[in-house]
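1. output the structure for:
(chains A and B)
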Amino acid sequence: MYRYDFYDHRFVAERVAQFRDQTRRFLAGELTEDEFRPLRLQNGLYIQKYAPMLRVAIPYGLLSSAQLRKLAHIGRKYDRGYGHFTTRQNIQFNWPRLEDVPDILAELATVEMHAIQTSGNCVRNITADHFAGVAGDEIVDPRPYCELFRQWSTFHPEFAYLPRKFKIAVCGSAIDRAATLVHDIGVQAVRNGAGEIGFRVLVGGGQGRTPIIGHVIREFLPRAEVLNYLDAILRVYNRFGRRDNLFKARIKILVKEMTPAIFARHVEAEWERIKDGPATVPDEEIARLASSFVSPPYERLSGDDAGFRAAMADNRAFANWAKRNVFPHKVPGYAVVTLSLKKTGVPPGDAASDQMDTVADLADEYSFGELRVSHEQNLIFTDVRQSTLLALWGELKALGFATPNIGLLTDIICCPGGDFCSLANAKSIPIAEAIQRRFDDLDYLHDIGELELNISGCMNACGHHHVGNIGVLGVDKNGAEWYQVSIGGDQGEHASLGKVIGPSFAAGEMPDVVSRLIDVYIERRHEDERFVDTVRRIGIEPFKERVYAAAH
Amino acid sequence: MPRLIKDGAIVDDRWTLLREAAVLGDVPAVGAVIVPLALWRMEWGALLARGDVGVWLEPEDDPDALAADIGALPLIAIDFPKFSDGRGYSTARLLREKHKFIGELRAIGDVLRDQLYYMRQCGFNAFAVRSDRNLEDALKGLGDFSDTYQATAARPVPLFRRRAPSAAEPAG
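-> Purely as a prediction, here's the structure:
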């Protein structure tokens, strides 16, 4: 992974010193709450319902075991012994004291981590495919470009006070596992006719209050021009994005109001002016960054491991886990393993400090000391020998991270919701748990097959409900918590937004509502048809009829 | 005389900012003044003739409007009605990098210590810090960081073109 050099260390050290002084001045009354707010937000610090919340960046989801141990330590020393992995590949601590935050940032700096721009109206953590570098369908490893973008976005002096937050996702594969269609900017690696690597650039996608699928504004951008082009997009947005209404301030509204074609014309005109300028990225810089992401020293293995195949045949529980939680690796004899943070009864994405320490040890033993965080809020070991999968499974079971549900109904994406977040209209974690309890029969769960169920506690959509095959949105009706259900959403390269099926439900009705949706699917599905494909084929009416016929 | 930060030092400010001037009659007969863009556009001939006139821009003003006058203007100011409105940062870069403005580029309005470093990088060299704040304290804001990753108006060569190969220490 990328290692800091002198400059990176100095940037982060100077940031810690800057924020330490800002915190001191705030506590001394020299900075008002309004003046301090954007400063603390750009260091990941929210003032939440019960206490501050600190969001720490995990750039493009990549972590070393040493970094994970540091996160475990921070959870133990400054929080209540756990952390929450988010849908943007970050981690949040829910109980730190404001006074302690500069010390936490200083501790993070010792392992080359920070909380820079994890909140606020600026360019946020760059997110990427959690299988980057090991997926067989990869056109290019996106990680060097993610690091390039991380450095470009870090303390970008022009774009620290944008109209609203700004999220960029990067995908290097044919299959889009980074949700690039629902980001402010989506960057997709492509090859042109000459075999050169470049990027397809999408703008104006997003979830939140006004969900929109992004528009392609450039089919092929030469890779050397990528920072010039990002500068051009951000400059147009910074100058013309709406600042009169918080709810219309995202770039998607500007793109919609201007039309994508006119927006693209502004960007292209600005790019024309600055292209080939000093921010053009030389091949040597891309090579320098790429040298940080070389493959680990894989053993030469002939192919599928015989012991692994035998265990698959003999051990049904292991086979169930391997079928759901193990992904093929581009190198023979290796596998990619997802650690499920979706055990029923545990808030999705939560991990205790002790669990993090054990995961760090397992990463050292089984996967070259590195791991990933996915935007589905799970952890991933990317480089596990097949011959060690059975042993690893045993360790993960003991840890509670071996629930065989990756990509299934109970692998719920869920925001912290009303239990923690001051923005939320409704709780989300108890809804996730009630649904997980309803579908605790593993055979039934596996028979239902691939299904993404996403829950957000408010229309900010941190739980990605718009792109859930089943999406649940917490709403407030006269002070009571209700839940609106949509179906047919999907992430990935065929991303679509779910359609609301009708009036919202009380919390207690939610497991029944999901059961009825699943009943219709089971009755109507064609062989090997996923839930979302059935919805696309037959429409939402049959689902709607069943749910409301029974409910009212 | 009021004071401000210019080129890294605290100096006297001899310019008078005319926020409300709408017609020539609103402009004092003598002394250096900074007039609104609207007045400049109407009366640029007369204003240019008297010399010692600068122009200030609102966040939504298009810097292209000054393209023809760039060489004649000794000072352009950009207003920050709220420090959290970041349009002025782009305006500043466009004036410096697109229009090659080399005169004094001044931040006015809600100008505070914690934004000065980024403003400097975008091309501002003068900061009329809000009058209720301590200038010596604000001056420290210019030193928050010792470098930038990006190509900026103040440092046109991005770090990746200056970085010593596998730098444990910077070159030179």
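2. from B:Leu116, how far off is A:Ala424?
-> From A:Ala424 over to B:Leu116 the distance is 36 Å, taken as CB to CB, to the nearest Å. Where you see a C-beta, it was placed from the backbone N, CA and C, and this is true even at glycine.
3. for A:Phe368, same thing?
-> A:Phe368 is 44 Å from B:Leu116, where distance means CB to CB.
4. same question, A:Tyr298
-> A:Tyr298 is 50 Å from B:Leu116, where distance means CB to CB.
5. which of those two has more residues huddled nearby?
-> A direct count of neighbours by other CB atoms under 10 Å in any protein chain shown for A:Tyr298 and B:Leu116 places B:Leu116 higher, at 22 against 15.
6. may I have the phi/psi pair for the closest residue to chain B within the stretch 451-552 of chain A?
-> Nearest residue of the stretch 451-552 of chain A to chain B (CB to the nearest CB) works out as A:Asn460 at 19.4 Å. Backbone dihedrals for A:Asn460, given as degrees, to the nearest 10, come out at phi -70, psi -20.
7. same question for the one 3 residues further on.
-> The main-chain torsion angles of A:Gly463 are listed as degrees, to the nearest 10 and equal phi -90, psi 10.
8. pick out the residue of chain B closest to chain A.
-> Per CB to the nearest CB, B:Gly86 is where chain B lies closest to chain A, at 2.8 Å.
9. residues in contact with that residue?
-> Contacts for B:Gly86 (CB atoms under 8 Å, 6 or more residues apart in numbering or on different chains) come out as A:Asn121, A:Glu158, A:Phe159, A:Ala160, A:Tyr161, A:Leu162, A:Asn238.
10. domain assignment for chain A?
-> Per automatic domain parsing, the structural domains of chain A span A:6-109, A:127-290, A:306-399, A:413-551.
11. would you list those domains in CSV and tack on mean pLDDT and mean neighbour count?
-> Below are the domains of chain A laid out as CSV (pLDDT from 0 to 100; neighbours: other CB atoms under 10 Å in any protein chain shown):
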stretch, mean pLDDT, mean neighbour count
domain A:6-109, 94, 20
domain A:127-290, 95, 20
domain A:306-399, 96, 20
domain A:413-551, 93, 19
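12. quick one: these as a markdown table, columns for distance to B:Asp61 too.
-> As requested, the domains of chain A are exported to a markdown table (distance: least, CB to CB, whole Å):
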| stretch | distance to B:Asp61 |
| --- | --- |
| domain A:6-109 | 23 |
| domain A:127-290 | 10 |
| domain A:306-399 | 40 |
| domain A:413-551 | 33 |
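13. identify whichever of those lies nearest to B:Asn134.
-> Across these, B:Asn134 has its closest neighbour in domain A:6-109 (9.1 Å, CB to CB).
14. show the end-to-end separation of that closest one, please.
-> Using CA to CA, to the nearest Å, one end of domain A:6-109 lies 13 Å from the other.
15. can you check stretch A:423-430 too?
-> 17 Å.
16. likewise stretch A:242-251?
-> End-to-end for stretch A:242-251, by CA to CA: 8 Å.
17. in chain B, where is pLDDT below threshold?
-> Applying pLDDT under 70 to chain B flags the ranges B:165-172.
18. how about the strands in it?
-> In chain B, the strands defined using DSSP state E lie at B:3-6, B:9-12, B:16-17, B:33-36, B:53-57, B:75-80, B:104-109, B:126-127.
19. now B:Pro136. Nearest residue, chain neighbours left out?
-> No, residue B:136 isn't Pro; it's Glu. B:Ile10 (7.0 Å; CB to CB, 6 or more residues apart in numbering or on different chains).
20. isn't the one you found up against B:Pro2?
-> No: if you go by CB atoms under 8 Å, B:Ile10 and B:Pro2 don't touch, sitting 11.0 Å apart.
21. these two: which has the busier surroundings?
-> Taking other CB under 10 Å, B:Ile10 and B:Pro2 do not tie; B:Ile10 has more neighbours (14 against 11).
22. what sits against the residue in the stretch 401-550 of chain A positioned nearest to chain B?
-> With CB to the nearest CB, the shortest gap between the stretch 401-550 of chain A and chain B falls at A:Leu423, namely 18.8 Å. Counting by CB under 8 Å, 6+ apart, A:Leu423 touches A:Gly457, A:Cys458, A:Asn460.
23. so which helix or strand takes in A:Tyr229?
-> A:Tyr229 is part of helix A:226-240 when elements are defined by DSSP states H and E.
24. list the helices and strands that helix packs on?
-> The elements that helix A:226-240 packs onto, with contact taken as 3 or more CB pairs under 8 Å, 6 or more residues apart in numbering or on different chains; DSSP states H and E, are helix A:143-153, strand A:185-191, strand A:197-203, helix A:251-258, helix A:260-274, helix B:87-93.
25. and the fifth one, what other elements does it pack with?
-> With contacts defined as 3+ CB pairs under 8 Å, 6+ apart, the secondary structure elements packing on helix A:260-274 are strand A:197-203, strand A:215-222, helix A:226-240, helix A:251-258.
26. on that earlier part again, which member of the contacts of B:Gly86 is positioned nearest chain B?
-> The closest of those, once distances to chain B are taken by CB to the nearest CB, is A:Tyr161, at 2.8 Å.
27. got the angle for the longest helix along chain B vs strand B:53-57?
-> Ranked by residue count under DSSP state H, the longest helix found in chain B is helix B:37-50. Inter-element angle recorded for helix B:37-50 and strand B:53-57: 170 degrees (by axes from the mean of the first three to the mean of the last three CA atoms, to 10 degrees).
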